[in-house]
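K.L.:
Just to be clear, the model below is a prediction. Sequence and coordinates:
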Amino acid sequence: MLPPKLPIGIQSFETMREQDYLYVDKTEHVFRMVSEGMFYFLARPRRFGKSLLVSVLKCLFQGRRELFKGLWIDRHGKWEWKPHPVLVIDFSGIPGSTPEELKQSISFTLSQIAENKGITLKANILEIQFKELIAGLYKKNSTSVAVLIDEYDKRLIDHIGKGEKGLETAKANREILRNFFGVLKDAAISPMLGFVFLTGVSTFTKVSIFSELNNLNDISMHERYADLLGYTQHEMETCFDRYIKSLSEKFEWSSDKIIEQLAMHYNGYRFSKKDTRVYNPFSVLKSFHNSDFQDYWFETATPVFLINLLKQLQYDFPKLEGLEVSKYIFSTFDIERLNPEALLFQTGYLTIKDVQDNIYTLDYPNQEVKTSFLELLLRSMTRGIDLKEKSRFLKLAGYLKKEDFDSFFETISAIFASIPYDIETKRDEAYFHTLFYLIVSASGADVLSSVLTNRGRIDMAVIFSDKVYIIEFKCNQDADTAIDQIKEKGYAEKYVQTGKRILLMGINFDTEKRNISDWKLRTL
């Protein structure tokens, strides 16, 4: 018997169930949600299954029990399966390059839905059309209406990072959406609603978008819904066991090693204080389909606006690992005061690594995101550097692992030499440190930057299973000075108890030559 088909790009629950696609059962979470409340909001990164969840809710409120046969909600949930009218509005399909276009597009969408439902809209004002549509559905079906809004923030995010004109468009679109969503709280409309669900990538401040919806329950960081989207380790090993076996046979590895590789590449997303981690579903499905461990999610979500924002703010990229933030950044996001840490978290480039009291430590969720993101940062910082020969970068980690230092520094120096001279950037120790960090990290090595010790900060540590490199940078001095600092500050003490070989590496950059002028290595 063949395994169920992998639902790559399939966002219709109906299609998945009727055409034998694999569905990882999340209906216990769905039942809890629809049973315990009415107004919900959920933010998750792109390609995490938000649209599929909207489709599941749609089929549930339509009372289509046959699609849920064998799932948790069918076997255990006390759901009445009473059909309700369902209104789905997907903003990804609604153009909004200007505020005028957004209003016209929403109006056209409402008119199309009304026509399909046999309802006549008489008003020309957007908010009144929305009210007419909900009231018409309620009256025609004599029961409450479920309203499902997908990608609510699409026409805001599209304009972020596009200068003053983009900001003005985003602000105008925000006002349109604020008034539009305010209909859901209208005293005349609210009694007609049975369930409301909004989802998107970002958690804008409630004042900015949902000022009227003060009863909206944001479950984005709720512990009980931490694995509502994404695959848990248990789900991976039980639902995809045949695909894991197939990879095991191809690579001639044990199943445990395959699972370890999958986890390293695609696991690690954490959305609450509870230490529940999930895999990126899109990348997992592509990995099983292609029978390899490539970078998939990043190809569909290149964050050009995010890179531009980080450069504009002169962000210290190495500090993205182990970044400590307060809980307040998760609820203070607004287009006029963009917080890079909040943006990185909500778009999926950083995730929660640890929580102590109300201090959250953020980090890259997995190797797929880290390597791809750092490579993009490197492209951005060096503008024009030739990354077509990606094999050069990938070899760097191997050179360090094999302790082939001549090849390592020849490659690094060649990369530095290929950076255009006209890039207007301050050439100081921080600049070279950041570039070195990005280059080595892009090779897939486990790189830690600005590692805190009880006597200072190590510039960089590169960690392998059998050895640790402790690296110190200098500018216009010499490598011996860097080595001396490592010894004097006792930086190696942090790693002595690991039992690994410890190698001390001093590197000096010549700002005039714009390259490495000297390096030294010592073994502890």
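P.N.:
On my side now, so go ahead. In this text, all values refer to a predicted model and were calculated from it rather than measured experimentally. Numbering: from 1, shown residues only.
K.L.:
What is the host helix or strand of residue 341 packed up against?
P.N.:
Per DSSP states H and E, residue 341 falls inside helix 340-346. Where contact means 3 or more Cβ pairs under 8 Å, 6 or more residues apart in numbering; DSSP states H and E, helix 340-346 is packed against helix 304-312, strand 359-363. All C-beta spots, glycine's among them, are computed from the backbone N, C-alpha and C.
K.L.:
For the shortest one, what does the pLDDT average out to?
P.N.:
Strand 359-363 shows a mean pLDDT of 94 in the predicted model.
K.L.:
following it, which helix or strand comes up?
P.N.:
Next helix or strand after strand 359-363 toward the C-terminus (DSSP H and E): helix 367-382.
K.L.:
Would you mind pulling up the elements that the helix or strand just after that next one packs against?
P.N.:
For helix 367-382, the following helix or strand on the C-terminal side (DSSP H and E) is helix 390-402. On a contact count with 3+ Cβ pairs under 8 Å, 6+ apart, helix 390-402 meets helix 405-417, helix 429-442.
K.L.:
Most tightly packed of these?
P.N.:
helix 429-442 (a mean of 22; mean count of other Cβ atoms under 10 Å).
K.L.:
quick one: strands adjacent to the helix or strand following that one?
P.N.:
Per DSSP H and E, the first helix or strand lying C-terminal to helix 429-442 is strand 446-453. Note on strand 446-453: by DSSP bridges, its sheet partners are strand 456-463 (antiparallel).
K.L.:
and the strand it pairs with, which residues are buried?
P.N.:
Using 16 or more other Cβ atoms under 10 Å as the test for burial, strand 456-463 gives 458, 459, 460, 461, 462, 463.
K.L.:
Kindly report the same for stretch 266-282.
P.N.:
Result for stretch 266-282 [16+ other Cβ under 10 Å]: buried residues 266-273, 276-282.
K.L.:
among the residues you listed, which are in strands?
P.N.:
Mapping those onto strands (DSSP state E) picks out 269, 270, 277, 278.
K.L.:
hmm, which two among the residues you listed are most spread apart?
P.N.:
270 and 278 (7.7 Å; Cβ to Cβ).
K.L.:
who's in contact with the helix holding residue 341?
P.N.:
With Cβ atoms under 8 Å, 6 or more residues apart in numbering as the test, helix 340-346 has contacts from 43, 45, 201-203, 306, 309-310, 313, 315, 320, 323, 325, 329-330, 332-333, 350-352, 362.
K.L.:
what's the nearest residue to residue 5 if we skip its chain neighbours?
P.N.:
residue 21 (4.8 Å; Cβ to Cβ, 6 or more residues apart in numbering).
K.L.:
ugh, typo on my part, it should be residue 364
P.N.:
Per Cβ to Cβ, 6+ apart, closest to residue 364 is residue 370, 3.7 Å.
K.L.:
Pull the number of nearby residues for the one you found.
P.N.:
Applying other Cβ atoms under 10 Å, we find 24 residues neighbouring residue 370.
K.L.:
does it really touch residue 442, like I thought?
P.N.:
No. Residue 370 lies out of contact with residue 442 (Cβ atoms under 8 Å); the separation is 9.2 Å.
K.L.:
Okay, now the unreliable bits of the stretch 151-300 of the chain?
P.N.:
In the predicted model of the stretch 151-300 of the chain, residues 205-208, 211-212, 299-300 satisfy pLDDT under 70.
K.L.:
Tell me how this protein divides into domains.
P.N.:
As given by automatic domain parsing, the domain ranges for the chain are 13-220, 233-294, 300-363, 386-523.
K.L.:
Could you export the ones you listed as CSV, including distance to residue 5?
P.N.:
As requested, the domains of the chain are exported to CSV (distance: least, Cβ to Cβ, whole Å):
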stretch, distance to residue 5
domain 13-220, 5
domain 233-294, 10
domain 300-363, 20
domain 386-523, 31
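K.L.:
I'd like to know which of the ones you listed has the weakest mean confidence.
P.N.:
domain 300-363 (a mean of 82).
K.L.:
just how off-centre is that domain within its chain?
P.N.:
The chain centre lies 11 Å from the centre of domain 300-363; the measure is Cα atoms, centre = their mean, to the nearest Å.
K.L.:
Grab the nearest non-local neighbour of residue 507.
P.N.:
Per Cβ to Cβ, 6+ apart, closest to residue 507 is residue 519, 4.9 Å.
K.L.:
Next: residue 323.
P.N.:
residue 362 (4.5 Å).
K.L.:
Look up the residues forming beta bridges with that neighbour.
P.N.:
The partner residues for residue 362, given DSSP bridges, come to residue 323, residue 352.
K.L.:
spatially speaking, which residue is in the middle of this protein?
P.N.:
Closest to where the C-alpha atoms of the chain average out (Cα atoms, centre = their mean) is residue 348, at 1.3 Å.
K.L.:
Give me the secondary structure label for that one.
P.N.:
The three-state label given to residue 348 by DSSP: H, G, I helix; E, B strand; the rest coil is coil.
K.L.:
Quick check: it touching residue 202?
P.N.:
No. Between residue 348 and residue 202 there is no contact under Cβ under 8 Å: 11.1 Å.
K.L.:
what are the ranges of the strands in the stretch 1-150 of the chain?
P.N.:
39-43, 86-90, 145-150 (DSSP state E, counting those that start in this stretch).
K.L.:
Specify the stretch among those that is closest to residue 476.
P.N.:
Closest among these, using Cβ to Cβ: strand 39-43, at 46.7 Å.
K.L.:
what inclination does the closest one have with respect to strand 145-150?
P.N.:
Going by axes from the mean of the first three to the mean of the last three Cα atoms, to 10 degrees, strand 39-43 is angled at 10 degrees with respect to strand 145-150.
K.L.:
All further residue positions should be reported with the first residue as 37.
P.N.:
Got it, first residue is 37 now, which makes that one strand 75-79.
K.L.:
Minimum distance to residue 416: which of the strands of the stretch 37-186 of the chain has it?
P.N.:
strand 75-79 (25.8 Å).
K.L.:
partner strands of the closest one, parallel or antiparallel?
P.N.:
strand 229-236 (parallel), strand 253-254 (parallel).
K.L.:
Now do residue 417, the pLDDT please.
P.N.:
Turning to residue 417, the model gives it a pLDDT of 72.
K.L.:
That one: neighbouring residues, count only.
P.N.:
18.
K.L.:
try residue 456
P.N.:
9.
K.L.:
Residue 231 is in contact with residue 70, correct?
P.N.:
Yes. Applying Cβ under 8 Å, one finds residue 70 in contact with residue 231, separated by 6.2 Å.
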